[in-house]
Structure formats: structure tokens, C-alpha cells
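>>> Provide a 3D model corresponding to the input given below.
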Amino acid sequence: MLLKVCGMREPENIRAVEALGTDWMGFICWPKSSRYVQKAPSILPSCERVGVFVNADIDFIEQKTKQLQLTRIQLHGDEPVDFCQLVRDRLSLPIIKAISISCAEDVQKATVYEGVVGHILFDTKCKCVGGSGMQFDWSVLKQYTGKTPFLLSGGIGPDDAESLNEFHHPMCIGIDINSRFEDAPALKSVDKIGRFLLQWQH
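Numbers count the residues shown, from 1 in each chain. Sure, this is the predicted structure:
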């Protein structure tokens, strides 16, 4: 199970969080976010660097990809399948498509992206876009029968290791953590993540 830590920005924090064994690191490329990365940090991780975009145009995505030396693109808005394909083909990078979940029916939205994106990220549907700290009912993912592997996201916190250890789905390949492990927006608590990793059977 891989660990994606999203909403990173501060250089020394990037270094410390990567040293914990982070597999993927997410950089928010949405100007309305309190975790927005306006300029490239002086330290970039050697792990996978994921740029998170919300209904952005292709030129902005391309610009940020070069600036942050991204290795994956996460589309976290209402991007249709053909746009995902355009980004994938233009940038030659794997795509993660976020699907917002509030009920079992929402899970089916993932099916149209089959064969186009490399991963799905199931997040909590909320008024904001990600980083809400709220969880959805993970049991609805029993409805997911797609062949695209997914990451579990949405309000995962320091006290959720046991629940995660009990969650099983053949296509779940990891988790995405963000706001509930922060001391401030875009500043992760190394202690909280470290203690969590001691309990989470990844």
C-alpha cells in the first residue's frame, strides 16, 4: 500500500515528510487553495511528484508540470474523459482522476474513465475541493468493480490506522492524507504522520 501525502509546499517539511517513506507527494496547483504552490519550492522530493489541478486549462497544467517537475497529474475537478486523455497524451504523464463520493451511486462515475486514467482517487464530496477533513462511508466502495486501481482519500486522520487496516478492496493500492495531519495549511506534522505509520499496516 502506497502513501500519498498531499498539500505540500515548505522545503524542509518536504524533506522531512519524504524521509518518513512517502511514495507520492501532492502539490496543489489550484490558486484558490490555501495550499497553493505558486512557485517551485527550493527542495523537491525524489519520490513521485503529483500536481493537483481543478478544472485548469491545458496550458496552465503544462506550465506547472515543468515548474514543479511533476511525474503525475491529478485532475480533481469536473474534467471529462476526453480532457483527461488530452492531458495524458500532451504531457506523456499518467493521470489520476478524483471522484467525489457522498453515496453509492457516485462510485459509478469512475467507470467512464476506465482505460484512460492510471488511477482513481475516491475523495469526500464537499463544498470545497478536497482538504475538507471529512470522510465518506468507505463501505460504498464495495460497489466499485472497475479495473483501474484506486487510492482512498477524504479526511483520513491520525486515529484511522485501525480502520484502514480493516478496509480491504482488491483495487485499493494506497491512501492519500492531507489536512488532518497538518499544523497549518501546507505544513504537515512529521510526528503525527510518523506515529500513524507505526500503526498502519501498509
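
>>> could you give the number of residues near Pro11?
By the criterion of other CB atoms under 10 Å, Pro11 has 13 neighbours. Placement of C-beta: from N, CA and C, glycine included.

>>> what residue is smack in the middle of this protein?
With distances taken as CA atoms, centre = their mean, the residue of the chain nearest its centroid is Asp176 (5.1 Å).

>>> who's in contact with the nearest residue to that residue once chain neighbours are set aside?
The spatially closest residue to Asp176, leaving aside those adjacent along the chain, is Ser153, at 3.7 Å (CB to CB, 6 or more residues apart in numbering). Under the criterion of CB atoms under 8 Å, 6 or more residues apart in numbering, the neighbours of Ser153 are Lys4, Cys6, Ala98, Leu121, Phe122, Asp123, Thr124, Gly130, Ile175, Asp176, Ile177, Asn178.

>>> and those residues, which two are furthest apart?
Spanning the widest gap among those are Lys4 and Thr124, at 15.4 Å by CB to CB.

>>> tell me which of these two has more neighbours.
The neighbour comparison of Lys4 against Thr124 (other CB under 10 Å) goes to Lys4, with 25 against 20.

>>> so the more buried one makes contact with Val50?
Yes: the pair Lys4 / Val50 is scored as a contact, 6.9 Å apart, by CB atoms under 8 Å.

>>> thought Pro158 was touching Phe196?
Yes: counting by CB under 8 Å, Pro158 does reach Phe196; the two are 5.0 Å apart.

>>> mutual contacts of these two, please.
Residues touching both Pro158 and Phe196 (CB under 8 Å, 6+ apart): Phe181.

>>> re the thing from before, just the element for the residue nearest to the centre of the chain, please.
Assigned by DSSP states H and E, Asp176 belongs to strand 172-177.

>>> so what strands line up beside that strand?
If you go by DSSP bridges, strand 172-177 pairs up with strand 2-5 (parallel), strand 150-152 (parallel).

>>> which stretches in this structure count as helices?
Taking DSSP state H as the test, the helices found in the chain are 11-19, 58-68, 81-91, 161-166, 190-199.

>>> now do the residue nearest to Asp176 against Ile175, distance only.
Remark: distance between Ser153 and Ile175 (CB to CB, to the nearest Å) = 7 Å.

>>> can you work out which residues contact both of these two?
Common neighbours of Ser153 and Ile175, using CB under 8 Å, 6+ apart, are Lys4.

>>> can you pull the contacts of the spatially most distant residue from the centre of the chain?
What lies farthest from the middle of the chain is Ser42; by CA atoms, centre = their mean that is 21.9 Å. Neighbour list for Ser42: Pro11 [criterion: CB under 8 Å, 6+ apart].

>>> again, 10 Å this time
Residues counted as contacts of Ser42 (CB atoms under 10 Å, 6 or more residues apart in numbering) are Glu10, Pro11, Glu12, Ile14.
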